[in-house]
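Trainee: Just the structure for this:
(4 chains)
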2 protein chains.
Amino acid sequence: MAKRQPGAFDTWELDAPQLQDRSAELWDHSYGPVARRLLTSATRCYASKGFQATTTRDISGGAGLSPAAMYVHFPSKEAILFEIARTAHVKALDDMRSPAQDDLVERIWHIVYRHVAWNARYHVAARVAQYELANLTPENYASIREIRRETNRVYRSIVADGVEDGVFVPIDIKRVVRGIIALAVDPVRWYRHSGTDSPEDLGEFYAGLALAMLTSTPPVPASRTEPSDPTQAGEPAR
Amino acid sequence: MAKRQPGAFDTWELDAPQLQDRSAELWDHSYGPVARRLLTSATRCYASKGFQATTTRDISGGAGLSPAAMYVHFPSKEAILFEIARTAHVKALDDMRSPAQDDLVERIWHIVYRHVAWNARYHVAARVAQYELANLTPENYASIREIRRETNRVYRSIVADGVEDGVFVPIDIKRVVRGIIALAVDPVRWYRHSGTDSPEDLGEFYAGLALAMLTSTPPVPASRTEPSDPTQAGEPAR
DNA sequence: GTCTATACCTCGATAGAC
DNA sequence: GTCTATCGAGGTATAGAC
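Mentor: This is a model prediction of the structure:
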């Protein structure tokens, strides 16, 4: 059997030990120091190996504890995942809510900027929050989904106002917002603190892309392409 | 332990039985009918539950076979994953290569259109190809990565030509291409054939977004935002 | 609250009959 | 080439001493 390995995805080579990871800053201090160490350890394990592939021994060991000690602080592996996902979703949403301003260009720019910067800064925890949700119980998943819906509403209300005011071009609001969020979340997959881009640099870049999508009517190619034929490969491009 | 459940992600509620899934069209006919049934079954299991959570019994059972019969056709679970990922990457790349034309707007529009449409049409297999790569052996992963690099090159060469010619605005080529691909792949996460959008509708929409990013210089907000403070929540937006 | 030891289960893969 | 039966490994979670 192949183990889930570091280095397995373009951008998934999270190797917990040498990782510059700020997850430890995130946890609520109603958790004691040992519980917070367990959360940090689990975050790194889930991010690098996936939820299913990490064992309770990995989590406990990463926090310097024996396999059994985890159960004093959390009832299950899944409870830890839920706390990580909940915290990341709540903190990201709180951070990105832009101060209410009149200028809708400012507002959407700001929100994308902050959202991207948060996802880059806390990419290890954010990755777990984005990619491991399928491992939650239905109840816990429903709880996370509520936060995700609120995130969507925050984006949509700004875009809808902008389209109505004519600051933005007329465009399918649900679809662009889905696209903007897809862009804002993508760094979670590949961001590394060791790279050249700071979280804020990235945020600026993506905020610009979002504004481009909202403020320009792109050229429409004259030739509307025939439907793609899945059985037939196209000619090589070059 | 929480099992990986259908309905766990906004958009991950793949429930294999009632799924309109075209994966069966994809497999090379050098595989016999039984092997192809195993590939289809595995694709649906991996997409709905994840690689780690699916058992060899799930795969065999889904193909109407006993647990042991799988090993006559494939040496391991991982070998099946590799064949799914390889096929999806190769077919998507072949399909999206646009015929060489002079007009760079046409070319980038066409390639995004085809890429998105393919990912929507074969979203079940494409999801496995995108999200389960971390479960491959290093050698098999390296093989897939080569195809991914080629996909990147196809995008980059068109964008680079367009920037040089002045058809596109000056922009960081690697970063926009990463963004465009993130958009083109995102439907894999949420697309359903039961929805209102056809794969081609979606392709057109995303091709428009990509062109917007490449052909417009977005407004820059006057107030350059102060760095985000992770310990402090912003004010509610509205 | 942490430890060692272990119960109990399920999984991937194999053996061997047909 | 498919089956039934099973091995051996490794998983979650618990028991009970300290």
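Trainee: give the contact list for the closest residue to A:Asp161 other than its chain neighbours.
Mentor: Using C-beta to C-beta, 6 or more residues apart in numbering or on different chains and skipping residues adjacent in sequence, the residue nearest A:Asp161 is A:Leu104, 5.7 Å away. Every residue, glycine included, has its C-beta placed from N, CA and C. Contacts for A:Leu104 (C-beta atoms under 8 Å, 6 or more residues apart in numbering or on different chains) come out as A:Ile158, A:Asp161, A:Gly162, A:Asp165, A:Val167, A:Phe168.
Trainee: any idea which helix or strand carries the nearest residue to the last one once chain neighbours are set aside?
Mentor: What that stands for is A:Phe168. Closest residue in space to A:Phe168, ignoring its immediate chain neighbours: A:Gly162 at 3.7 Å, by C-beta to C-beta, 6+ apart. Following DSSP states H and E, one finds A:Gly162 within helix A:138-165.
Trainee: Alongside DNA strand C, which residues does chain A contribute?
Mentor: Neighbours of DNA strand C within chain A, by C-beta under 7 Å from any atom of the strand: A:Met1, A:Val34, A:Ser60, A:Gly64, A:Leu65, A:Ser66, A:Pro67, A:Ala68, A:Ala69, A:Val72, A:His73.
Trainee: try 10 Å this time
Mentor: Residues of chain A lying close to DNA strand C by C-beta under 10 Å from any atom of the strand are A:1-2, A:32-35, A:37-38, A:56-57, A:60-61, A:63-73.
Trainee: Counting neighbours, which of these end up buried?
Mentor: Buried residues within these, counting neighbours by 16 or more other C-beta atoms under 10 Å in any protein chain shown: A:Ala2, A:Ala35, A:Arg37, A:Leu38, A:Thr56, A:Ser60, A:Ala63, A:Leu65, A:Met70, A:His73.
Trainee: Distance-wise, check the fifth one relative to DNA strand D.
Mentor: Look at A:Thr56 and DNA strand D: by C-beta to the nearest atom of the strand, to the nearest Å, they are 4 Å apart.
Trainee: surely that residue meets A:Pro67?
Mentor: Yes. The criterion here is C-beta atoms under 8 Å, and A:Thr56 meets it with A:Pro67 at 6.0 Å.
Trainee: May I have the phi/psi pair for A:Asp64?
Mentor: No Asp there; residue A:64 is Gly. The phi and psi torsions at A:Gly64 (degrees, to the nearest 10) take the values phi 80, psi 30.
Trainee: any idea which helix or strand carries the closest residue to it other than its chain neighbours?
Mentor: Spatial nearest neighbour of A:Gly64, excluding adjacent residues (C-beta to C-beta, 6+ apart): A:Arg37 at 7.3 Å. Using DSSP H and E, A:Arg37 maps to helix A:33-49.
Trainee: Return the alpha-carbon coordinates of the helix or strand that comes right after that helix using CSV.
Mentor: Helices and strands here follow DSSP H and E; after helix A:33-49, the next one along the chain is helix A:56-62. Backbone C-alpha positions of helix A:56-62 (Å, rounded to 0.1, in the frame of the first residue of the first chain) are rendered in CSV as follows:
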residue,chain,number,x,y,z
THR,A,56,-4.0,9.0,16.8
ARG,A,57,-0.4,8.0,17.5
ASP,A,58,0.8,10.6,15.0
ILE,A,59,-1.1,13.3,16.7
SER,A,60,-0.2,12.4,20.3
GLY,A,61,3.4,11.8,19.3
GLY,A,62,3.6,15.2,17.6
